[in-house]
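>>> I need the structure of the sequence given here:
(one chain, ligands or ions: 1)
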Amino acid sequence: MIIKKPADIPSSEITDQQIYRDRRRFIRNTSTLLLAGMTGTVLQPRPAQAGYGGQPVAGTRPGPFSTNETPTLYKDITSYNNFYEFGTDKKSPALLSGSLKTDPWSVAVEGAVSRPGNYFLEDILKGQPMEERIYRMRCVEGWSMVIPWVGFPLSGLIKRFEPSADAKYVEFQTLLDPVQMPGQRRNVLDWPYVEGLRMDEAMHPLTILAVGLYGEILPNQNGAPLRLVVPWKYGFKGIKSIVKMRFLEQQPQSSWMRSAPHEYGFYANVNPQVSHPRWSQRRERRIGEFRKRKTLMFNGYAEQVAHLYQGMDLKKNF
Ligand code: MTE
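So this is what the prediction gives:
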């Protein structure tokens, strides 16, 4: 991977070469690991780890907005995945994502910002508050999980890039590399995977970029090394293995909008009143349970986010 050093990034923000070469050392050198509230975590059975998955994330502290519902088992979170770059069934990502190389990793920042450039992952993570956020997650397919993410607010990172008044939306892209991502050799989606948020959604304090779960670095199948988590939207908004962020004036087109526009809209808010054209969204099955639960408006986060959509027709803007 060729990474240019943009002239407008101060040298204090450029990764120390030693750290860049050895992320393990970077992880060890940060302060102590806290597994607050995660008792029993290490005793859970777990599938084989891909990439750096399973190594502790240093310096994690409890963050706001966590639910006190019981987290889904680690083995379920990491073996029942959607990551079409590694196949369209739930098991393939855990089995095949070992081929994804997450180090070195960089994120290109483009569009309406004063500080565009290619940023090493280490620069993106530098100084970010690493928080544990236990969020309810709801998939458009009708299942849900409770996931103890480790991550940091997207808003703090966006501010560093100094977006201009023209930045109305942010678009995210996943790595495009059919060698590392064998699912990209098939035309199931228009690669690379693309998602987007309106700027106020991206800046909302619930929105995080995750680097880990259960106090540990994300396994590849969950979107290592950096993925989006927006808990009031269907899971497909949570784009994995992000390599690009573009700040745009116009609403971007996500991969799902492109592949099935009448089934998947830009907003993708969890909304039990708007059925998917082929099935109802009124209920969901929490992975690990048999009974069905009622799906809550905005996945139970209405108090925090309903105001973002005031005056909008949510049937039209689904
Ligand atoms: N990101 C990429 N790059 N490719 C994908 O196929 N699937 C999405 C989302 N992010 C997907 C993706 C969907 S449909 C869901 S439900 C969630 O990832 C699943 O995240 P998880 O496997 O960590 O639970």
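>>> and the residue nearest to residue 217 when sequence neighbours are not counted, how many neighbours does it have?
Distances taken as C-beta to C-beta, 6 or more residues apart in numbering put residue 52 closest to residue 217, at 4.5 Å, once the chain neighbours are dropped. C-betas here are computed from N, CA, C, even on glycine. If you count neighbours by other C-beta atoms under 10 Å, residue 52 ends up with 21.
>>> ditto for residue 139
The burial count for residue 139: 18, using other C-beta under 10 Å.
>>> what's the answer for residue 297, then?
16.
>>> quick one: it and the ligand, what's the gap?
Note on residue 297: its distance to the ligand, by C-beta to the nearest ligand atom, to the nearest Å, is 19 Å.
>>> Look up phi and psi at that residue.
Residue 297 adopts backbone torsions of phi -60, psi 140, taken as degrees, to the nearest 10.
>>> Pretty sure it sits against residue 281.
No - look at residue 297 against residue 281 with C-beta atoms under 8 Å: they stay out of range, at 10.6 Å.
>>> what residues does the chain put near the ligand?
Taking C-beta under 6 Å from any ligand atom, the part of the chain that reaches the ligand is made up of 81-85, 139, 174, 193, 222-223, 235-236, 238-241.
>>> Go through these and give me the one with the most neighbours.
Most surrounded of these: other C-beta under 10 Å gives residue 240, at 29 neighbours.
>>> surely that residue meets residue 173?
No - the criterion here is C-beta under 8 Å, and residue 240 misses it with residue 173 at 10.8 Å.
>>> tell me the helices in this structure, going along the chain?
For the chain, the helices defined by DSSP state H occupy 17-21, 23-29, 74-77, 92-96, 121-125, 154-161, 199-202, 255-259, 302-305.
>>> In JSON lines, list these along with mean pLDDT and mean neighbour count.
Putting the helices of the chain into JSON lines (pLDDT from 0 to 100; neighbours: other C-beta atoms under 10 Å) gives the following:
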{"stretch": "helix 17-21", "mean pLDDT": "38", "mean neighbour count": "13"}
{"stretch": "helix 23-29", "mean pLDDT": "41", "mean neighbour count": "14"}
{"stretch": "helix 74-77", "mean pLDDT": "98", "mean neighbour count": "19"}
{"stretch": "helix 92-96", "mean pLDDT": "97", "mean neighbour count": "21"}
{"stretch": "helix 121-125", "mean pLDDT": "97", "mean neighbour count": "21"}
{"stretch": "helix 154-161", "mean pLDDT": "98", "mean neighbour count": "18"}
{"stretch": "helix 199-202", "mean pLDDT": "98", "mean neighbour count": "18"}
{"stretch": "helix 255-259", "mean pLDDT": "97", "mean neighbour count": "17"}
{"stretch": "helix 302-305", "mean pLDDT": "98", "mean neighbour count": "15"}
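>>> As TSV, these with distance to residue 67 would be great.
Compiled in TSV, the helices of the chain are given as follows (distance: least, C-beta to C-beta, whole Å):
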stretch	distance to residue 67
helix 17-21	34
helix 23-29	27
helix 74-77	15
helix 92-96	25
helix 121-125	25
helix 154-161	20
helix 199-202	20
helix 255-259	26
helix 302-305	12
